[in-house]
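# What shape does this take:
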Amino acid sequence: MALWRAYQRALTAHPWKVQVLTAGSLMGLGDVISQQLVERRGLQAHKTGRTLTMVSLGCGFVGPVVGGWYKVLDRLIPGTTRVDALKKMLLDQGGFAPCFLGCFLSLVGTLNGLSAQDNWAKLQQLWPAVQLANFYLVPLHYRLAVVQCVAVIWNSYLSWKAHRL
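From the prediction side, this is the model:
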């Protein structure tokens with residue numbers, strides 16, 4: 001609980017920095033999970049540079065872009081009713097997600113040779129439900145962290161897929 005309270009205080013004092021660092025940390029965690037639990041590399045064979053690449057993508061691209069989008073979306077559709085959450089999810093999935101995913105997958109593909117087609121099919125199944133719950137249940141300043149926590153699983157998959165030998 002003390003750690004959660006410290007996170008909340010930091011988020012209140014420095015919302016943008018904390019959200020960006022949260023995104024980077026959770027993307028890095030996704031890579032660690034991929035390397036250690038999925039690929040079973042062990043600590044000796046862990047590719048630290050790969051993890052740092054994922055952290056950099058989270059801090060330099062995912063955190064700022066998605067965090068900024070949530071602010072814009074909350075201005076476009078203020079409120080947290082069921083109807084508001086549905087509107088946000090539809091705008092997010094119909095407008096933002098295709099653009100973001102195109103950019104993200106192109107960036108990751110450039111860095112790692114990832115196939116956009118494989119990832120697109122999986123992503124389409126997961127994110128609409130996550131975003132609907134996120135827009136309905138989660139206050140704006142926690143949305144990026146919530147999505148990134150769910151994304152740890154997705155990031156583990158992306159990291160595994162991007163770095164398969």
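
# Tell me the spacing between the residue sitting furthest away from the middle of the chain and residue 6.
Computed with Cα atoms, centre = their mean, the maximum C-alpha offset from the centroid of the chain is found at residue 44, amounting to 27.5 Å. When Cβ to Cβ, to the nearest Å is the yardstick, residue 44 and residue 6 sit 33 Å from each other. The C-beta positions use only the backbone N, C-alpha and C, and glycine is treated the same way.

# ok, back up a step: give the helix, strand or coil label for the residue farthest from the centre of the chain.
Secondary structure assignment for residue 44 (DSSP: H, G, I helix; E, B strand; the rest coil): coil.

# Which secondary structure elements does the helix or strand hosting residue 154 sit against?
Here residue 154 is covered by helix 140-162, with elements defined by DSSP states H and E. Judged by 3 or more Cβ pairs under 8 Å, 6 or more residues apart in numbering; DSSP states H and E, the packing partners of helix 140-162 are helix 15-33, helix 48-57, helix 63-76, helix 97-112, helix 116-137.

# Now it: buried residues?
140-148, 150-152, 154-162 (16 or more other Cβ atoms under 10 Å).

# Just want the most central residue of this structure.
By Cα atoms, centre = their mean, the chain has its centre lying nearest to residue 148, at 3.9 Å.

# Name the residues of stretch 14-22 that are buried.
Within stretch 14-22, the residues that qualify as buried by neighbour count (16+ other Cβ under 10 Å) are 18-22.

# Export these to JSON lines and append columns for distance to residue 99.
Formatted as JSON lines, the buried residues of stretch 14-22 follow (distance: Cβ to Cβ, whole Å):
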{"residue": "18", "distance to residue 99": "25"}
{"residue": "19", "distance to residue 99": "20"}
{"residue": "20", "distance to residue 99": "20"}
{"residue": "21", "distance to residue 99": "24"}
{"residue": "22", "distance to residue 99": "22"}
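
# from those, which single one is nearest residue 34?
Distances from the buried residues of stretch 14-22 to residue 34 were compared by Cβ to Cβ; the smallest belongs to residue 22, at 18.7 Å.

# Give the residue spans of the chain that score low on pLDDT.
Across the chain, the stretches falling below the confidence threshold (pLDDT under 70) are 102, 105-106, 109-110, 112-126, 162-165.

# ok so, going back, quick one: the helix holding residue 154 to chain centroid distance?
Per Cα atoms, centre = their mean, to the nearest Å, the displacement of helix 140-162 from the mean C-alpha position of its chain is 4 Å.
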